[in-house]
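**Student:** Below are the sequence and a predicted model for it; my questions follow.
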Amino acid sequence: MMENHSNNEKTVYTLNEYVSYGTSGVCKIESLEQRSFDGEHEESYYKLRPLDNSNSTFYVPIDRAAERLRPLLTKEQIYQLIDEMADGKLEETEWCSNSRERRGIFQNILHGDDYREMIQMMRSLYHQQERKRKTGHRLSSADVAAMHAAENRMYQEFGIVLNIRPEQVHNFILKRMEGSTAPAK
């Protein structure tokens with residue numbers, strides 16, 4: 001399930017449940033509403049509020065929720081990802097020197113639900129950032145934006161599931177990788 005969330009079988013969500021909604025990240029289901037956006041056909045919708053933008057609202061048709069929403073990862077899945085990072089199973093992706101091609105690769109990863117790919121992309125960006133820093137250079141703005149988008153999305157979801165603030169997620173990951181955190185149960 002963690003590798004391909006688009007095949008999730010869950011089609012019914014409850015009020016106040018947190019879900020992942022594409023690149024918008026974690027959203028809270030605020031209500032179930034009957035709406036007619038075309039003025040003729042009324043449908044049932046989940047009304048979603050993104051965590052990082054309380055001024056935005058999304059409406060997802062209930063009958064297409066399985067295609068557009070996915071349940072958040074479980075604690076066990078998050079622990080497994082972190083453990084795979086610590087074990088070296090999630091290596092960085094090969095660096096693509098063509099910036100336009102690289103941007104397309106990163107956008108595909110960010111539009112997907114595969115956290116393994118996202119972590120590998122982030123590792124690649126971190127290592128490239130370090131290499132550039134040593135020579136007095138910086139990552140391109142597009143690379144920095146991709147890194148921040150991946151971090152924000154992952155830290156937001158991990159934070160909700162682990163019941164910690166998103167800004168605490170990075171240190172939580174480091175501590176678990178060092179073996180300081182209690183093992184998954």
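**Tutor:** Nice, I can see it. Here the structure is a predicted model, which means the values were calculated and not measured. Residues are numbered from 1 along each chain as shown.
**Student:** okay, residue 123: pLDDT?
**Tutor:** Here the pLDDT value assigned to residue 123 is 91.
**Student:** can you check residue 163 too?
**Tutor:** Reported pLDDT for residue 163: 96.
**Student:** same thing with the one 3 residues further on?
**Tutor:** Residue 166 carries a pLDDT score of 94 in this model.
**Student:** if I look at it, how far off is residue 151?
**Tutor:** Between residue 166 and residue 151 the distance is 9 Å, computed by C-beta to C-beta, to the nearest Å. In short, each C-beta sits where N, CA and C put it, glycine included.
**Student:** Please apply the same query to residue 37.
**Tutor:** Counting by C-beta to C-beta - residue 37 and residue 151 are separated by 34 Å.
**Student:** Residue most distant from the centroid, the chain?
**Tutor:** The centre of the chain is farthest from one residue, residue 40, which by C-alpha atoms, centre = their mean lies 35.4 Å away.
**Student:** Report the secondary structure state of that residue.
**Tutor:** Following DSSP: H, G, I helix; E, B strand; the rest coil, the label given to residue 40 is coil.
**Student:** which residues does it contact?
**Tutor:** Contacts of residue 40 were listed using C-beta atoms under 8 Å, 6 or more residues apart in numbering, and none were found.
**Student:** Which helix or strand in this protein has the lowest average pLDDT?
**Tutor:** In the chain, no helix or strand scores lower on mean pLDDT, DSSP states H and E than helix 65-68, which sits at a mean of 90.
**Student:** And the next helix or strand past that helix?
**Tutor:** strand 69-71 (DSSP states H and E).
**Student:** Relative to the whole chain's centre, how far out is that next one?
**Tutor:** How far strand 69-71 lies from its chain's middle: 11 Å, per C-alpha atoms, centre = their mean, to the nearest Å.
**Student:** Also stretch 160-176?
**Tutor:** Worked out by C-alpha atoms, centre = their mean, stretch 160-176 lies 14 Å from the chain centre.
**Student:** before we move on, what about stretch 20-33?
**Tutor:** On C-alpha atoms, centre = their mean, the centre of stretch 20-33 falls 13 Å from the chain's centre.
**Student:** So residue 37 and residue 151 - more neighbours on which side?
**Tutor:** Counting neighbours by other C-beta atoms under 10 Å for residue 37 and for residue 151 shows that residue 151 has the greater number, 16 against 11.
**Student:** Name the nearest residue to that one, ignoring sequence neighbours.
**Tutor:** What sits nearest to residue 151 in space, not counting adjacent residues and going by C-beta to C-beta, 6 or more residues apart in numbering, is residue 122, at 6.8 Å.
**Student:** Could you grab the helix/strand/coil label for residue 89?
**Tutor:** Criterion first, three-state DSSP; result for residue 89: coil.
**Student:** count of neighbours near it?
**Tutor:** 11.
**Student:** give the contact list for residue 128.
**Tutor:** 95, 139, 143.
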